[in-house]
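1. model the structure of this input:
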Amino acid sequence: FIPPQEGDSRGPCPFINCMANHGFINRSGQEVPAFDIAVLAMTLFDLPDTMFPPVVNMAIFDGQVEVQQDGQTLLDIERLWNRPGEERDVSMVFPNPGLNFNEENLHIPVSDGFEPNNEEFFTDFRYEVDAPLLKQLTDRSTAGVLTIEDHQEHLRTRILNSLLPDSPEHDMFFVLSDESMHVAANQYLFPVMLLGDMVDDFTSIDTKVVEDLWTQFRFPDGFAPRSVRFGDDFDFEAFNAARQDWQDANVLIALEAFEEGKAVVKHPEGEMEPPVSSDAKLVTA
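-> Just a heads-up that it's a prediction; the model follows:
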């Protein structure tokens, strides 16, 4: 492990950043062959070979990966911040991109932030891990252990707090698309499932591993794929079936939390729309 040096490129994905910090890809994070990342993700984390090539192709389509004249596909991993891109609203620990577009900032004088070519005022703040968000996650641990369920509750809370006007995390432009829900569904289970150290329990992890992942972009000491550590005792099919089940569950959690938050915003303090009589329904029809 070598932390990034001045001028090195790092992006929003902690696992790609870890690849760079541990030398699996260019330590600079620049001119990385994009499909090498897909191969490494499958190799390091025991994921199926159908999972990541489509993600790379989407990055090419989004303009984040540069296709060279000789056909090489090269990526500066910092470009994954560009929207549309890998990082979506409701990140575990990065602030939502719309937070600086609040009522106060939208009414400041032009000279105090809206002058031409000052888009950094509205973007650079979100490139650093938000310490309170990380603490919200790690505070859910029990006896120094975080679980999939802890991450799921963090997901639900993040969505609700992004929507509710009284929350300091309220984002007036928060929109969670279907694609964003699926990105979040994977994001919120990957730390536990990919970095855990047990052969057949994929549901919990040492809290320190999660802290180091986000604050240092560092794999735990002695990390190796389960298939390497445990050999034939590791069940690749069972592992990925569990991952898919948790991903499906996270999509439902995200959808339900998003609908719940929108309902609260629409009907604050328990206000409900008056019931519509059957006669009115017929007239409307």
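2. who does the helix or strand harbouring Val251 touch, helix- and strand-wise?
-> Using DSSP states H and E, Val251 maps to helix 236-266. Using 3 or more Cβ pairs under 8 Å, 6 or more residues apart in numbering; DSSP states H and E, the elements in contact with helix 236-266 are helix 148-163, helix 178-187, helix 190-195. For glycine as for every other residue, the C-beta is placed from the backbone atoms N, C-alpha and C.
3. measure Ala143 to Leu160 for me?
-> 27 Å (Cβ to Cβ, to the nearest Å).
4. weakest of the helices and strands packed on helix 236-266 by average pLDDT?
-> Sorting the helices and strands packed on helix 236-266 by mean pLDDT places helix 178-187 lowest, at a mean of 87.
5. list the buried residues of that one.
-> Ser180, Met181, His182, Val183, Ala184, Ala185, Asn186, Gln187 (16 or more other Cβ atoms under 10 Å).
6. next one: stretch 212-223
-> Of the residues in stretch 212-223, those buried (16+ other Cβ under 10 Å) are Asp212, Leu213, Trp214, Phe217, Arg218, Phe219, Phe223.
7. just the element for the third one, please.
-> Following DSSP H and E, one finds Trp214 within helix 207-216.
8. phi, psi for the nearest residue to Arg10 once chain neighbours are set aside please.
-> Once flanking residues are discounted, Arg10 sits nearest to Asn17: 4.9 Å by Cβ to Cβ, 6 or more residues apart in numbering. Phi and psi for Asn17, reported as degrees, to the nearest 10, are phi -60, psi -40.
9. my guess is Asn17 meets Phe217, correct?
-> Yes. Using Cβ atoms under 8 Å, Asn17 is in contact with Phe217, at 3.7 Å.
10. which neighbours do the two share?
-> Pro4, Arg10 (Cβ atoms under 8 Å, 6 or more residues apart in numbering).
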